[in-house]
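> How does the following fold in three dimensions:
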Amino acid sequence: MSGIKIIAVNRRARHNYSVEDNLECGIELLGSEVKSFRDGKISFPDAWAEIEGNQVWLRSLRVAENPFSSIFNHDPDRRKRLLLHRDEIKRLRRKVEERGYTLVPLSFYFKDSRVKVDLGICKGKTLYDKRADIRDRDMNRDAEREFRLR
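Here you go, the predicted model:
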């Protein structure tokens, strides 16, 4: 796809959660926050989204203050609203409430100069699942190595 520039990817989310589905959504930002996104000054190791009323809010996303924004800077820890259609919010609400899923941001990227979030509908992995994934990855790596040698 043209016009997509990846800002950050949450690799830890794929390790701690099994991703059932993902959804692209916009994010409501202030001007100084967009500047920080362009510089890649964001941190979201434990970020998650919650549904309040008819809106989806992103929590624990830290956007560093921009040093060139003077007194009109933003609060680095403020919650950000995600931009979704009403039908999508209803679908997310049903999954989160009934089946115990969690909404986790998987990646942030620019799509035609707009900041987008890849929001994953995730279910937490147990320690056994994490170990099984590591074992499978190691076995695939060994098999690939054998194919290259032969």
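> Quick one: the strands in the chain, in order.
Ranges of strands in the chain, per DSSP state E, are 4-9, 17-27, 42-43, 48-52, 55-59, 62-63, 80-83, 102-111, 114-124.
> can you tell which of the ones you listed is closest to His74?
Closest approach to His74 among the strands of the chain is made by strand 62-63 (7.0 Å; Cβ to Cβ). Every C-beta, even on glycine, is put in place using the N, C-alpha and C of the backbone.
> Show me what the closest one pairs with in its sheet, parallel or antiparallel.
strand 42-43 (antiparallel) (DSSP bridges).
> mean confidence score for the strand it pairs with?
Averaged over strand 42-43, pLDDT sits at 88.
> chain center to it: distance?
11 Å (Cα atoms, centre = their mean, to the nearest Å).
> now stretch 94-113
Per Cα atoms, centre = their mean, the displacement of stretch 94-113 from the mean C-alpha position of its chain is 6 Å.
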